[in-house]
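**Q** sequence plus predicted model, see below.
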Amino acid sequence: MAKDYVADNLAAPSLDHLFPNMIEVDKSVSTWPWLRRDIDHAFRVDRRNPIVGFINRDEASILYSNARLFAGRRGLEIGAWRGWSTAHLIASGLSTLHVVEPLLADPDWRAEFLEVTHGAGGGATTILVPETSPEAVTRLGQSGVRWSFAFIDGDHDGDAPSRDALATAPFLEATAMVLFHDLVSPHVAKGLRGLEQRGWNVMAYQTAQMLGVAWRGEVAPVAHKPDPTQRWNIPDHLRGIAISGAMAGG
Ligand SMILES: C[S@@+](CC[C@H](N)C(=O)[O-])C[C@H]1O[C@@H](n2cnc3c(N)ncnc32)[C@H](O)[C@@H]1O
């Protein structure tokens, strides 16, 4: 069994009981080219669809801790799968959470997802949006919704992460944060770079799949210490982006 890592200064809520089908698997089950198989951190999936991974505990602690900075404010999630990351966002205390996930159009998927959101304490505050991004984000934004915190983990291919980021940005508050999962993919990194080019501060977190954070206004992202037992590298497409807790250039 691989291990779990959470940095000393961070914590993640205990939500495993809401996911009875979550199992740890060997990373060889996934054929995704950007999965970092050399990082010895536990990789968990739903046993019914084992090729799609959940964010790991290191990443969940960073998501939860950054979202907590926005407790009482509105949040947006793009790409929620079975609700693991959603449950962490709910636990962080966001006032409302829009969840854009096309799989929620399936009645069985939605029913199970609702059990998760209720179990995490977000029954009254989570707004399920069974549509695709970026169209749904634009529709919501044009209807007047504004968000302070956004988590992007939806379509990872081609320009999709950039489109999600650039569709979300116009509808974010003056003090806001956007967190991306899977920054090891150059497609996802383009989304972060797109916000950087528009004046946002950016940073990366050195985790199994890497997280990217963009922020502006009266907030700063939480610090993180990468697991000292792992041999980390920085993909070429992230050159020049600061890594939380790493020495300059390291
Ligand atoms: C890797 S999974 C998300 C995992 C989740 N964040 C977690 O850790 O629990 C990616 C999700 O993005 C969804 N997705 C794909 N294309 C999308 C789109 N255009 N808009 C919103 N979600 C999308 C997929 O259906 C899938 O559920």
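**A** In hand now; what should we look at? Quantities reported herein were computed from a predicted structural model and do not represent experimental measurements.
**Q** residues of the chain that sit close to the ligand?
**A** 52, 54-55, 78-81, 84-85, 100-103, 132-133, 153-155 (C-beta under 6 Å from any ligand atom). For every residue, glycine as well, the C-beta is placed using N, CA and C.
**Q** of those residues, keep whichever come out buried.
**A** Among those, those buried by neighbour count (16 or more other C-beta atoms under 10 Å) are 54-55, 78-81, 84-85, 100-102, 132-133, 153-155.
**Q** which strand or helix spans the residue lying closest to Leu63 once chain neighbours are set aside?
**A** Spatially, and ignoring its direct neighbours in sequence, Leu63 is nearest to His88 (5.3 Å; C-beta to C-beta, 6 or more residues apart in numbering). In this structure, His88 is located in helix 84-91 according to DSSP states H and E.
**Q** next SSE after that helix?
**A** strand 96-100.
**Q** so that following strand versus helix 84-91, what angle?
**A** 170 degrees (axes from the mean of the first three to the mean of the last three C-alpha atoms, to 10 degrees).
**Q** which other helices and strands contact strand 96-100?
**A** Under the contact definition 3 or more C-beta pairs under 8 Å, 6 or more residues apart in numbering; DSSP states H and E, strand 96-100 sits against strand 74-78, helix 84-91, strand 126-129, helix 135-142.
**Q** in it, what's buried?
**A** Quick answer for strand 96-100 (16+ other C-beta under 10 Å): Leu97, His98, Val99, Val100.
**Q** tell me the SS of the closest residue to Val137 other than its chain neighbours?
**A** The shortest distance from Val137 to any non-neighbouring residue, by C-beta to C-beta, 6+ apart, is to Ala167 (4.7 Å). Here Ala167 is helix, with the state taken from DSSP: H, G, I helix; E, B strand; the rest coil.
**Q** quick one: pLDDT of the closest residue to Gly158 other than its chain neighbours?
**A** Counting by C-beta to C-beta, 6+ apart, Gly158 lies nearest to His187, which is 6.0 Å off, once chain neighbours are set aside. We have a pLDDT of 98 for His187.
**Q** before we move on, which element is His187 in?
**A** Going by DSSP H and E, His187 is in helix 186-197.
**Q** hmm, who's touching that helix?
**A** 152, 156-162, 164-166, 169, 178, 180-183, 202, 204, 212, 214, 235, 237-238, 241 (C-beta atoms under 8 Å, 6 or more residues apart in numbering).
**Q** same thing but at 7 Å, please
**A** Under the criterion C-beta atoms under 7 Å, 6 or more residues apart in numbering, residues 152, 156-158, 161-162, 164-166, 169, 178, 180, 182-183, 202, 212, 214, 237-238 lie in contact with helix 186-197.
**Q** who does Ile78 bridge with?
**A** Val100, Ile152 (DSSP bridges).
**Q** ok, the longest strand along the chain: who's next to it in the sheet?
**A** With secondary structure taken from DSSP state E, the chain has its longest strand at strand 172-181. Strand pairing for strand 172-181, determined by DSSP bridges: strand 147-152 (parallel), strand 211-216 (antiparallel).
**Q** mind listing what's buried in that strand?
**A** Here strand 172-181 shows Leu172, Ala176, Met177, Val178, Leu179, Phe180, His181 as buried, counting by 16+ other C-beta under 10 Å.
**Q** count the neighbours of Ser143 for me.
**A** 8 (other C-beta atoms under 10 Å).
**Q** for it, give its distance to Asn201.
**A** Ser143 sits 29 Å away from Asn201, going by C-beta to C-beta, to the nearest Å.
**Q** one step back: name the nearest of the buried residues of strand 172-181 relative to the ligand.
**A** His181 (6.2 Å; C-beta to the nearest ligand atom).
**Q** now that closest one. Nearest residue, chain neighbours left out?
**A** Asp153 (4.1 Å).
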